[in-house]
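Asker: Next comes the sequence, and after it the predicted model I'd like to discuss.
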Amino acid sequence: MTKSSSAEESDSFLAQGGICVQRDEEDEESFVQDTLKAGHYENDADAVKVMVRQSREIARDLVGLGVNFDRDGAGFSYTKEGAHSKARILHHRDCTGREISDKLLRAAHGLSNVTMLENSTVVDILVKDNRCCGAVIMDNKSGALENYYANVTVLATGGIGGLYAKSTNYPHLTGDALGIAMKHGVKVKNISYVQIHPTSLYTEKPGRAFLISESVRGEGAVLVDKNGNRFTDELKPRDVVTAKIYEQMKIDGMPYVRLCLNGYVKGDIKERFPSIYEHCLKEGYDITKECIPVVPAQHYFMGGIAVDLNSKTTMDMLYAVGETSCNGVHGRNRLASNSLLESLVFSKRAALHINENWREYEHVYFPDPDRSAYETAALEYKTMVLNKIREEEKGAQ
């Protein structure tokens, strides 16, 4: 496993709201329909059904690994977010992603056959006759390049938030794997499908935008204009709420709208949303007493490297999972709290498919990588991705 920064600096760690799960047999159809509707019915229906039907299995896996979901009496506590027809989201306070990722990393560190290379970046893949034979890895500290050979390679490099001026993503997530895929003719899909989250904390400071989880609105928080009046249904799909916020900002002549928790969110706000409370307090806002300024920011990438239901790409022995892949499950717009679920369902399917179809290949040797050949690779990959996004957007118009 390689990581271009530290293992903890991934968007999965930043996920606040939770992870969706099918509540019972009767919930299957409504969960599927909520996901399809949010995605404007441009989803791959088979992928949606696979994700929903395996959601309870994934939840059991996580509990077995020690993930501590919040409880309500004898059972789990479920919350509701935008475009969900019922409460079906498991959560750990407002830091569900960190709780899940911590437990998964701990489990991975306990495996004798797993080596983690932090501060190491994939700059290319090794390819012969449309078969991936491994990857070219750069040590970020020394700049040294080395070929790493593998029977099977899995790309799990996250989204593209680093390409945007304001994003809730880590800035090092710039879609390099997409550029690498396009360089080698691997099919990509829905590259222009980028989600803008309705609510990040407004600030004039540079750097990563701080997300205000959709679960805050799911628990009752409301959006108001400069006069303190509600102007939208806060639980509509994200793209709808985002459009309403931009519209209201233009009407008000303001660079933000306000989100109010006090008097609307039931229970102890500090206990339910401790991370959001602490961050806002540092920025000078007490969410238990006052409304906070929020503005949309780039948040999620629905497109990616095209994969099938087992996360296999169009190149032999190359898989892609998580936000860097596109199996079509999200359509044009992702339903809230489906990201962690989608990543875990299709990562597990990839692992099982790899094991079930394992075969040894004759080892192919490649020349040692030439450092000069990759000096501008990062910029070239970013340019390829941005050009592809613009090309698709122009075609859609």
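Answerer: Happy to help now that I have it.

Asker: For the helix ranked longest in the chain, which outside residues touch it?
Answerer: In the chain, assigned by DSSP state H, the helix with the most residues is helix 377-396. Residues outside helix 377-396 that contact it (Cβ atoms under 8 Å, 6 or more residues apart in numbering): 123-124, 160, 163, 174-176, 178-180, 182-183, 188, 190-192, 194. The way it works is simple: take the backbone N, C-alpha and C, and place the C-beta from them, glycine included.

Asker: Next, the closest residue to residue 63 other than its chain neighbours: secondary structure please.
Answerer: Nearest non-adjacent residue to residue 63, counting by Cβ to Cβ, 6 or more residues apart in numbering: residue 69, 7.1 Å away. Per DSSP: H, G, I helix; E, B strand; the rest coil, the secondary structure class of residue 69 is coil.

Asker: gap between residue 69 and residue 389?
Answerer: Spatial separation of residue 69 from residue 389 under the definition Cβ to Cβ, to the nearest Å is 36 Å.

Asker: swap in residue 235?
Answerer: As for residue 235, its distance to residue 389 is 29 Å (criterion: Cβ to Cβ).

Asker: again, but for residue 95
Answerer: For residue 95, the distance to residue 389 equals 31 Å [Cβ to Cβ].

Asker: Run a quick neighbour tally on the closest residue to residue 6 other than its chain neighbours.
Answerer: Distance criterion Cβ to Cβ, 6+ apart; nearest residue to residue 6, sequence neighbours excluded, is residue 118 at 5.4 Å. The tally of other residues near residue 118 (other Cβ atoms under 10 Å) stands at 14.

Asker: from memory residue 118 sits against residue 7, does it?
Answerer: Yes. At 5.8 Å, residue 118 counts as touching residue 7 under the criterion of Cβ atoms under 8 Å.

Asker: Please name the residues that touch residue 270.
Answerer: Neighbours of residue 270 in contact, by Cβ under 8 Å, 6+ apart: 277, 288.

Asker: From here on, call the first residue 40.
Answerer: I'll keep to 40 as the first residue from here, and by that count the last item is residue 309.

Asker: A helix includes it, no?
Answerer: Yes. For residue 309, which was evaluated using three-state DSSP, the result is membership in a helix.

Asker: For it, report the pLDDT, please.
Answerer: Residue-level confidence at residue 309 comes out at 96, pLDDT.

Asker: What segments of the stretch 190-339 of the chain are helices?
Answerer: Secondary structure of the stretch 190-339 of the chain (DSSP state H, counting those that start in this stretch): helices located at 215-222, 253-257, 277-291, 308-311, 313-321.

Asker: chain center to the fourth one, what's the gap?
Answerer: The one in question is helix 308-311. Here helix 308-311 is found 24 Å from its chain centre; the criterion is Cα atoms, centre = their mean, to the nearest Å.

Asker: again, but for stretch 384-393
Answerer: On Cα atoms, centre = their mean, the centre of stretch 384-393 falls 18 Å from the chain's centre.

Asker: in it, what counts as buried?
Answerer: Judged by neighbour count (16 or more other Cβ atoms under 10 Å), stretch 384-393 contains these buried residues: 384-390, 392-393.

Asker: ok, residues contacting it?
Answerer: Taking Cβ under 8 Å, 6+ apart as the criterion, the residues outside stretch 384-393 that touch it are 89-90, 93-94, 97, 100, 191, 193, 195, 346, 348-351, 358, 360-361, 364, 366, 368.

Asker: Next step: the residues you listed restricted to helices.
Answerer: If you go by DSSP H, those have 89-90, 94, 97, 100 in helices.

Asker: Quick check: of those residues, which lies closest to residue 79?
Answerer: residue 90 (17.1 Å; Cβ to Cβ).

Asker: for this protein, where's the lowest mean pLDDT among helices and strands?
Answerer: Ranked by mean pLDDT, DSSP states H and E, the weakest helix or strand in the chain is strand 41-42, scoring a mean of 84.

Asker: Could I get the CA-only coordinates of the very next helix or strand once past that strand as CSV?
Answerer: Once strand 41-42 ends, the next helix or strand along the chain (criterion: DSSP states H and E) is helix 50-53. Listed next in CSV are the C-alpha coordinates belonging to helix 50-53 (Å, rounded to 0.1, in the frame of the first residue of the first chain):
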residue,chain,number,x,y,z
ASP,A,50,-10.9,12.1,2.5
SER,A,51,-12.3,9.0,4.2
PHE,A,52,-10.9,10.3,7.5
LEU,A,53,-12.8,13.6,6.9
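
Asker: Of all the residues in stretch 144-157, which ones are buried?
Answerer: By neighbour count, with 16+ other Cβ under 10 Å as the criterion, the buried positions of stretch 144-157 are residue 144.

Asker: what distance separates the start and the end of that stretch?
Answerer: Using Cα to Cα, to the nearest Å, the gap from the first to the last residue of stretch 144-157 comes to 13 Å.

Asker: which stretches of the stretch 290-436 of the chain aren't confidently modelled?
Answerer: Counting by pLDDT under 70, the stretch 290-436 of the chain has low-confidence residues at 435-436.

Asker: Can you show me the strands along it?
Answerer: Read by DSSP state E, counting those that start in this stretch, the stretch 290-436 of the chain holds these strands, from start to end of the chain: 296-299, 331-340, 343-345, 357-359, 364-365.

Asker: how about the ones you listed in JSON lines, adding distance to residue 323 and mean neighbour count?
Answerer: Supplementary listing: those in JSON lines, determined by distance: least, Cβ to Cβ, whole Å; neighbours: other Cβ atoms under 10 Å:
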{"stretch": "strand 296-299", "distance to residue 323": "14", "mean neighbour count": "22"}
{"stretch": "strand 331-340", "distance to residue 323": "10", "mean neighbour count": "24"}
{"stretch": "strand 343-345", "distance to residue 323": "38", "mean neighbour count": "26"}
{"stretch": "strand 357-359", "distance to residue 323": "41", "mean neighbour count": "27"}
{"stretch": "strand 364-365", "distance to residue 323": "39", "mean neighbour count": "28"}
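
Asker: Residue 140: which of those is closest?
Answerer: Shortest distance between residue 140 and those, using Cβ to Cβ, is found for strand 331-340: 16.6 Å.

Asker: Summarise which helices and strands the closest one is packed against.
Answerer: strand 233-240, helix 277-291, strand 296-299 (3 or more Cβ pairs under 8 Å, 6 or more residues apart in numbering; DSSP states H and E).
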